[in-house]
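> need a 3D model of the following:
(one chain, ligands or ions: 1)
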Amino acid sequence: MPSMTSSDSAQRQSNHNTDVNQLKKLKAEPFARRQKIEQHRKSLPIAAVEKVLLEEVRNNDTLIVVGETGSGKTTQLPQYLNNGGFCRNGGIIGITQPRRVAAITVAKRVAEECGVALGQQVGYAIRFEDVTSRSTRIKYMTDGLLLREALLDSYLSKYSVIIVDEAHERTVHTDVLLGLLKTVQKTRSQGVSDAVNIDHREAKNGMLLEKHNGSEVASILKQCRGKKLSPLKIIIMSASLDARVFSEYFGGARAVHVQGRQYPVDILYTRQPETDYIDATLITIFQIHMEEGPGDVLVFLTGQEEIESVERLVHERLPQLSESKRKLLTFPIFSSLPSEKQMKVFMPAPVGFRKVILATNIAETSVTIPGIKYVIDPGMVKVRTYEASTGIEPLIIIKTSKAQALQRSGRAGREGPGKCYRLYPENEFDKLKDSTTPEIKRCNLSNVILHLKALGIDDIIGFDFIEQPDRIAIIKSMELLFLLGALTEESKLSDPVGQKMARLPLDPIYSKALIIASQFNCLEEMLIVVAMLSVESIFYAPREKLEESRIALKSFASPEGDHLTLLNVYRASEEFLQKSNLVNSKEKAEKNLRKWCKENFINSRSVKHARDIHSQIRRNAEQMGFHVTSCGDDLLPLRRCLAASFFLNAALKQPDGTYRALSSGLTVQIHPSSVLFRMKPDCIIFDELVRTNHNYIRNISRIDYLWLAELAPQCYALQE
Ligand SMILES: Nc1ncnc2c1ncn2[C@@H]1O[C@H](COP(=O)(O)OP(=O)(O)OP(=O)(O)O)[C@@H](O)[C@H]1O
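Here you go, the predicted model:
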């Protein structure tokens, strides 16, 4: 054993001191952080009315809470309710958000505030991802997810309180959820009071529940007994809500206003309207960067393309600045970006750097992005619309509503005073619509109808929507469901096709594809195709390496089209990962896969996302009793199966090389990203139609024209 010299000993001593100090620091850090969080919580405007709010919820079954952005509604109210005893008897407080990113980030924040691990007392659930456990009491989720839960438990019996957050957004899911919650609340309180009465009588007469008239009451009562159903409390929440509409809908429900915002936000307008808002955005980014103090910038743009072009322009101009001023980093965030990549915007910028986040309206509500002090709002937003006559859903760019403008400015001023640059004159703001047209009035309703039917609500036109959707849109969507075999001629959910389609968390056409694939013995392949179609941008082609990326794509390309190409990519990536796993640790294998993807111009995050979706839908399919079998090397059944499910998106080549979509009669063109762009087969099916300056169709497969009449006789007949 080496002898210890005095200097060694001194070294050891100093090491020991460092260790102790580090330990102390480690222990002190969370403590200091917790103290800071506690102080922050107390300083929020909502903290002053905690007791009042609890009283209001106790006294009212439905409550509308309006409070300025950043006042603490989303993060605090669920915690108050939990501490106030609303989770007694195992009840859960569910909070719905219109967007995944909000559900995830808010849950993380609240778990931290509560000092618990995410997924324990505080968790979240979004489609394809459930981070909750038996001990979860505060659960953030998307509104769509709660709707799906209602299919399995129509009384939403595990929830004692449901908070519908950001209700002003009026997404189609929010609107359907409101109608559903209204019914559930009524049934549950009826059930509970009946249960009390009957229990009382039962005790007196020794009568058995089963003898009671009315099978519905009896079944509710069974649930009430088994699960101790309590009345459901509903809270509707937003910063920019017309409380009157919601109050009337819930029979005169009480509305409370939480006064005060945490920090002031200075709103600046332009003097003149801007002719080119992208250019104005760029100028404002650099103006802030050159003239304003520290703080990150959040820019609202309309979509991925705009975001990528602004990002490119920023990087082109950056080298023109002096070296010390080049410390500016850009981060994109849009909905088709995988969650892990979206989360990058929440990481602090390196010291000395300014972060510029280029976002769609995904970052508009509920989220707090640390460091944001400046918001740039050009006042535009991209929305999906629905043309019932052609059945297409074009995306158009329109002006935001006042409610959206307020939400956007509310993203500054969350950690300190902020500034919002609206790139239009002040008098333009006054002309904006108060709120956005509810999505239910401008979308394809087939999913909604399928869902309501599965919940046992057959009379769609008579359903108590907060605002009635267009009758023609309802009829068109029912027609689509009928042609897919989901509805019977009496407009009932068909058994088993419609029932199965409603249970799968997918668009009706994708669900249909899985159902047929299980009959065609190619479900294994179709699960992969559907998972790959559910993510965006599998391939990327950087401008400077266009030729290389084209060559890479060729090695996966199938002459039959994009669906089989996607299958090839998925399989090749799986094969690579499996081989790599044999000789490497899991982390190393994943790292190698990322490298492989990069070399092949494949978006590794999209492939990972597709893998996650694949395992989730495969689980769903197995739980539903589907047999997951493969068609092997002969992919003909898969192609026939695509024709049998996507038949409503069939198109025929015309002499000039464009296509005619058979169901809408529209002239469409193959998108340049398709492997069939040059081949142009005679008859094809496509996955989606995107309207830009052309009607582009994407994700296309070659089919045989005769298959249409054979596999979709309800739609097509052979001409004599
Ligand atoms: N992830 C986070 N990181 C840091 N601070 C946060 C985070 N989430 C919330 N906060 C802080 O808590 C405050 C209250 O946030 P909360 O989301 O509860 O407000 P809100 O009233 O629901 O606002 P909004 O209507 O904009 O959703 C924010 O202003 C911010 O200071």
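
> got any ranges where this protein has weak pLDDT?
Residues of the chain that meet the criterion pLDDT under 70 lie in 1-29, 191-229, 241, 336, 338-339, 542-543, 692, 719-720.

> break it down into its structural domains.
Domain segmentation of the chain under automatic domain parsing yields 45-191+229-258, 265-437, 440-503, 504-633, 646-720.

> where do the strands sit along the stretch 601-720 of the chain?
650-653, 659-661, 667-670, 683-691, 695-702 (DSSP state E, counting those that start in this stretch).

> JSON lines for those strands, including distance to the ligand and mean neighbour count?
In this view, the C-beta of every residue, glycine as well, is placed from N, C-alpha and C. As requested, those are exported to JSON lines (distance: least, CB to the nearest ligand atom, whole Å; neighbours: other CB atoms under 10 Å):
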{"stretch": "strand 650-653", "distance to the ligand": "44", "mean neighbour count": "19"}
{"stretch": "strand 659-661", "distance to the ligand": "41", "mean neighbour count": "20"}
{"stretch": "strand 667-670", "distance to the ligand": "40", "mean neighbour count": "20"}
{"stretch": "strand 683-691", "distance to the ligand": "31", "mean neighbour count": "21"}
{"stretch": "strand 695-702", "distance to the ligand": "34", "mean neighbour count": "22"}
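
> same list, these, but as JSON lines with distance to residue 41 please.
Listed next are the strands of the stretch 601-720 of the chain as JSON lines, based on distance: least, CB to CB, whole Å:
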{"stretch": "strand 650-653", "distance to residue 41": "57"}
{"stretch": "strand 659-661", "distance to residue 41": "55"}
{"stretch": "strand 667-670", "distance to residue 41": "54"}
{"stretch": "strand 683-691", "distance to residue 41": "45"}
{"stretch": "strand 695-702", "distance to residue 41": "47"}
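
> close to the ligand: what parts of the stretch 51-200 of the chain are there?
Residues of the stretch 51-200 of the chain lying close to the ligand (CB under 6 Å from any ligand atom) are 67, 69-76, 105, 109.

> got a markdown table for these, with secondary structure, neighbour count and distance to residue 354 too?
Converted to a markdown table, those look like this (DSSP: H, G, I helix; E, B strand; the rest coil; neighbours: other CB atoms under 10 Å; distance: CB to CB, whole Å):
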| residue | secondary structure | neighbour count | distance to residue 354 |
| --- | --- | --- | --- |
| 67 | strand | 26 | 30 |
| 69 | coil | 25 | 23 |
| 70 | coil | 25 | 22 |
| 71 | coil | 24 | 27 |
| 72 | coil | 25 | 27 |
| 73 | helix | 27 | 30 |
| 74 | helix | 27 | 27 |
| 75 | helix | 23 | 26 |
| 76 | helix | 21 | 30 |
| 105 | helix | 23 | 21 |
| 109 | helix | 20 | 23 |
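
> what's the most distant pair in those?
67 and 105 (19.0 Å; CB to CB).

> was I right about residue 127 contacting residue 505?
Yes: counting by CB atoms under 8 Å, residue 505 is a contact partner of residue 127 at 5.5 Å.

> can you list residues touching both of those two?
residue 148 (CB atoms under 8 Å, 6 or more residues apart in numbering).

> Three-state assignment for residue 355, please.
Taken by DSSP: H, G, I helix; E, B strand; the rest coil, the conformation at residue 355 corresponds to strand.

> what is the neighbour count of it?
Neighbourhood size, residue 355 [other CB atoms under 10 Å]: 21.

> mind listing what it touches?
Counting by CB under 8 Å, 6+ apart, residue 355 touches 296-297, 329-331, 345, 348-349, 371.

> ditto for residue 637
Contact analysis of residue 637 by CB under 8 Å, 6+ apart lists 520-522, 631.

> for the closest residue to residue 620 other than its chain neighbours, grab phi and psi.
Leaving aside its chain neighbours, residue 620 sits nearest to residue 504 (6.0 Å; criterion: CB to CB, 6 or more residues apart in numbering). Backbone geometry at residue 504, expressed as degrees, to the nearest 10, gives phi -80, psi 140.

> can I assume residue 504 is in contact with residue 514?
Yes: using CB under 8 Å, residue 504 is in contact with residue 514, at 6.5 Å.

> got the residue ranges for the strands in the stretch 201-350 of the chain?
Applying DSSP E, counting those that start in this stretch to the stretch 201-350 of the chain gives strands spanning 233-238, 254-258, 265-269, 296-300, 328-333.
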